[in-house]
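Q: sharing a model that was predicted from the sequence below.
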Amino acid sequence: MPARINPAKKLIVTYWTIVGLGVGAACAQRPDIVIADFEAPTYGDWSLTGTAFGSGPAQGTLPNQMPVSGYRGRGLVNSYNGGDDSTGTLTSKPFRIERKFIQFLIGGGGWEGKTCMNLLLDGRAVRTVTGPNTQPGSTEQLTAQQWDTSELLNQSVTLQIVDQATGTWGHITIDQIVQTDRKLSAPVPRETTLRVRKDYLNLPVKDGAPKRRMSVWLDGKARREFDIELADDKPDWWAFLDATPFKGKTVTLKVDKLPEDSLALSAIEQSDEPKAQKDLYQEPLRPQFHFTSRCGWLNDPNGLVFYQGEYHLFYQHNPYGWNWGNMHWGHAVSRDLVHWKELPIALYPDEHGTMFSGSAVVDWDNTAGFQSGKEKPLVAMFTAAGRPFTQGLAFSNDRGRTWTKYEKNPVLDHIAAENRDPKVVWYAPEKKWVMALYLDKNDYAPFSSPNLQQWKKLGAVTLAGDGECPDFFEIPVDGDPKATRWIFYGANGKYLVGAFDGTKFASESGPHSLQHGNAWYASQTYSDIPAADGRRILVPWGRKTDLFRGMPFNQMMGLPVELTLHRTEAGLRLLANPVRELASLRGRRHLIKPQPLKPGENPLAAVKGELLEVLAELTPDAAAEISFNLRGTVVTYDSKKQTLSCQDKTAALPQEHGKIRLRMLVDRTSVDIFGNDGRLYLPMGMVMASANRSLGVSAKEGETQINSMEVFELKSAWK
Ligand code: FRU
């Protein structure tokens, strides 16, 4: 397909509407002329210098970039290629000004002359615009802007997009450049007052619409405040706000700015249940046994704690948007780590900031003094991401149903950079709490406290290749409770194995890699698993961009796995295996009898399904390559190299006595691969062709002995 940005082709769009671009300009005008929509794989006849713009339009967010929103379609100009330090220019062919305005979507750095778009007439910039941002922490959003070009009519001009900035916000994003006669209507502050009669306020969201600041006011105070991409007309989905604290009262909803003809405020509906989402939990891309939030964005698991038969799963959550932002602690509970029930939001942003990651414990001895009734208090420790970041506490005396922030927050002041993500563990020998905190770059520190309120720094831990979200815990070696080690790990799963005497963590080996997949980050292990169970259960964030386009939710949790520490020929290593409770999803079983697998054969040909678990033990021939085809996703074992690959990920899987064992769980958007009983842990996220229900196993080059093979059709955890 030729690049759509060729001005000579002048793609004419008659009904060109985009929220924020020209909404409200009702009268009939000449059709718009699209100069560039950046939907083609290349920049067409635009010319490039430098590396910042890549070789063609970016498909959304680039590696290591905060999520980009507000662009149209899939492609856009994004000069974050190679990070903030890359530079370059992107220049159009000359074109003629034929309309009164040039409108575009722009985001990124606000550096004059350095992160900008220029309109050049005879080589001279007659119009220029920068992105909006210069401060760390600002959002990657494109919004609509416009130049008045009426006095340039019929002139030949060129557009030049510039990235000559390095460092913070050293990049620019541009999309949808259009010539138009429609003037952008300036949005104005708007508000509405309503009496809250029901439990929920349903808010219309349009992904990619301009971000508005919305607040809920009661008795002269803003009780809720958040960013939301409000739909001015038809919403993509409905976010819901828990209005139970305001029931029977009159609140004012304020929005910082809205086009005057926006329907957003009048569309807000009250209801007894969150407004029905069509096919809730059955949407085409809804994972069926990986946790997702009902709607909105999710990232890190937080506050994993077990109490009174319930596994609590708190999580980083944006209840009002599809992208990262407005960090709250969402909340779900489960009795089996498989079936989850969502509860109301546990922690709302407050005057100290939005609620970043942290952990939770049962305070059995009431060391913090928060207990008010019979139940033991659950205490959560979190990062308040204000300026600067500090650490705070909240507690619950009703099994996690309601939460109170500690009135003397913060309990730990700012220490370094973006210090965050406290993970707390009880250190029984000295009856004290120990907390691992992320500080900066690869640096972490353990702290201790008698009461969760006063904290003393114990030392320093560096984790090469990792940052954020530490966990720190004791674990038996080969199941022997008398021989234990302590593990210190970071968000990427790089871990140290060592000893801890209550003051000093002495690393013995590492960092090692816990996992090798493409959908795994910021995991955490459960606190307070009863001694009789004794497992170390981990839940990761199944991080992967672009899996859930078009869905009312974004991101998923990874499968809960059980960690164990073993002596291996390489030294002490963690193994990860799916928690046994997942077996409760097993339905129909297909048993493949032991047999040689010859090239050209596929003993799984008759097995079909959407949600599947495949178990196999194979003895591959020295030369063999064995491939599983799981509904189109190929997993290949190379027995020469003794590695397993899936998409762009490859990891070692040494044969044990000439054999390998595989366990693979197939969900709608992922395949979790475990090799040799957890020696290899490879969680993968991908877009699956939903219509493909077939399974295959094949051998190449040499023969493979199938020692055992079975496939289970899995049930959905939502049914
Ligand atoms: C990791 C992280 C944490 C932070 C949280 C914010 O994914 O960046 O360090 O607390 O996400 O959502």
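A: Noted; the coordinates are in hand.

Q: contacts and neighbour counts: CA atoms only from here.
A: Noted.

Q: ok, and the closest non-adjacent residue to L452?
A: Among residues not flanking L452 along the chain, A368 sits closest, at 6.0 Å (C-alpha to C-alpha, 6 or more residues apart in numbering).

Q: and that neighbour, helix, strand or coil?
A: Using DSSP: H, G, I helix; E, B strand; the rest coil as the criterion, the local structure at A368 reads coil.

Q: now do the buried residues in stretch 674-684.
A: Residues 674-676, 678-684 are the ones in stretch 674-684 that count as buried (16 or more other C-alpha atoms under 10 Å).

Q: widest-spaced pair of those residues?
A: The span of the buried residues of stretch 674-684, defined through C-alpha to C-alpha, is set by N676 and M684 at 17.2 Å.

Q: next one: stretch 192-210 to chain centre, how far?
A: Here the centre of stretch 192-210 is set off from its chain's centre by 24 Å, with C-alpha atoms, centre = their mean, to the nearest Å.

Q: for it, what is the average pLDDT?
A: Stretch 192-210 shows a mean pLDDT of 95.

Q: export it as PDB, just CAs?
A: Presented in PDB, the C-alpha positions along stretch 192-210 are these (Å, rounded to 0.1, in the frame of the first residue of the first chain):
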ATOM      1  CA  THR A 192     -23.200  19.700  37.100                       C
ATOM      2  CA  THR A 193     -24.800  19.100  40.400                       C
ATOM      3  CA  LEU A 194     -26.700  16.000  41.200                       C
ATOM      4  CA  ARG A 195     -28.300  14.200  44.100                       C
ATOM      5  CA  VAL A 196     -26.700  10.700  44.600                       C
ATOM      6  CA  ARG A 197     -29.500   8.200  44.700                       C
ATOM      7  CA  LYS A 198     -27.600   5.000  43.600                       C
ATOM      8  CA  ASP A 199     -24.300   3.300  44.300                       C
ATOM      9  CA  TYR A 200     -22.500   4.100  41.100                       C
ATOM     10  CA  LEU A 201     -21.900   7.000  38.800                       C
ATOM     11  CA  ASN A 202     -21.200   5.800  35.300                       C
ATOM     12  CA  LEU A 203     -18.800   7.900  33.300                       C
ATOM     13  CA  PRO A 204     -18.500   7.900  29.500                       C
ATOM     14  CA  VAL A 205     -15.000   7.200  28.300                       C
ATOM     15  CA  LYS A 206     -13.600   7.500  24.800                       C
ATOM     16  CA  ASP A 207     -10.000   6.100  24.500                       C
ATOM     17  CA  GLY A 208      -7.700   8.700  23.100                       C
ATOM     18  CA  ALA A 209     -10.000  11.600  23.700                       C
ATOM     19  CA  PRO A 210      -8.400  14.600  25.400                       C
END
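
Q: what residues of that stretch count as buried?
A: Quick answer for stretch 192-210 (16+ other C-alpha under 10 Å): 196-210.

Q: restricted to strands, list those residues.
A: With DSSP state E as the criterion, strands contain 200-205 from among the buried residues of stretch 192-210.

Q: can you tell me which of the residues you listed is nearest the ligand?
A: V205 (20.8 Å; C-alpha to the nearest ligand atom).

Q: what's in contact with the helix or strand containing A360?
A: Per DSSP states H and E, A360 falls inside strand 354-362. Strand 354-362 has contacts (C-alpha atoms under 8 Å, 6 or more residues apart in numbering) with 300-305, 307, 315-316, 326-329, 347-349, 376-386, 420-425, 469, 527-528.

Q: which ones among these also lie next to the ligand?
A: The subset of those within reach of the ligand, by C-alpha under 6 Å from any ligand atom, is 300, 316, 420-421, 469.

Q: the spatially most central residue of the chain in helix, strand or coil?
A: Nearest to the geometric centre of the chain sits N299, at 4.3 Å (C-alpha atoms, centre = their mean). Counting by three-state DSSP, the backbone at N299 sits in strand.

Q: same deal with Q453?
A: Going by three-state DSSP: Q453 is coil.

Q: return the distance of it relative to G392.
A: As judged by C-alpha to C-alpha, to the nearest Å, Q453 and G392 stand 9 Å apart.

Q: list residues touching both of the two?
A: 411-412.

Q: with neighbour numbers in mind, choose between the two.
A: Applying other C-alpha atoms under 10 Å to Q453 and G392 shows that G392 carries more neighbours, namely 25 against 19.

Q: quick one, grab the pLDDT at the closest residue to the more buried one other than its chain neighbours.
A: Residue nearest to G392 in three dimensions, not counting chain neighbours: P410, with 4.6 Å by C-alpha to C-alpha, 6+ apart. We note a pLDDT of 98 for P410 in this prediction.

Q: can you tell me the element P410 falls in?
A: Element membership for P410, per DSSP H and E: none, as it lies in no helix or strand.

Q: residues contacting it?
A: Taking C-alpha under 8 Å, 6+ apart, one finds 390-393 in contact with P410.

Q: need phi/psi at it.
A: phi -80, psi 150 (degrees, to the nearest 10).

Q: sorry, back to before: in JSON lines, list the ones next to the ligand among the contacts of strand 354-362 along with pLDDT and neighbour count.
A: Below are these laid out as JSON lines (pLDDT from 0 to 100; neighbours: other C-alpha atoms under 10 Å):
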{"residue": "D300", "pLDDT": "98", "neighbour count": "29"}
{"residue": "Q316", "pLDDT": "98", "neighbour count": "25"}
{"residue": "R420", "pLDDT": "98", "neighbour count": "28"}
{"residue": "D421", "pLDDT": "98", "neighbour count": "28"}
{"residue": "C469", "pLDDT": "98", "neighbour count": "28"}
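
Q: secondary structure added to those, as JSON lines?
A: What follows is those, written out as JSON lines (three-state DSSP):
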{"residue": "D300", "secondary structure": "strand"}
{"residue": "Q316", "secondary structure": "strand"}
{"residue": "R420", "secondary structure": "strand"}
{"residue": "D421", "secondary structure": "strand"}
{"residue": "C469", "secondary structure": "coil"}
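
Q: ok, so of those, who is nearest P245?
A: Q316 (21.7 Å).
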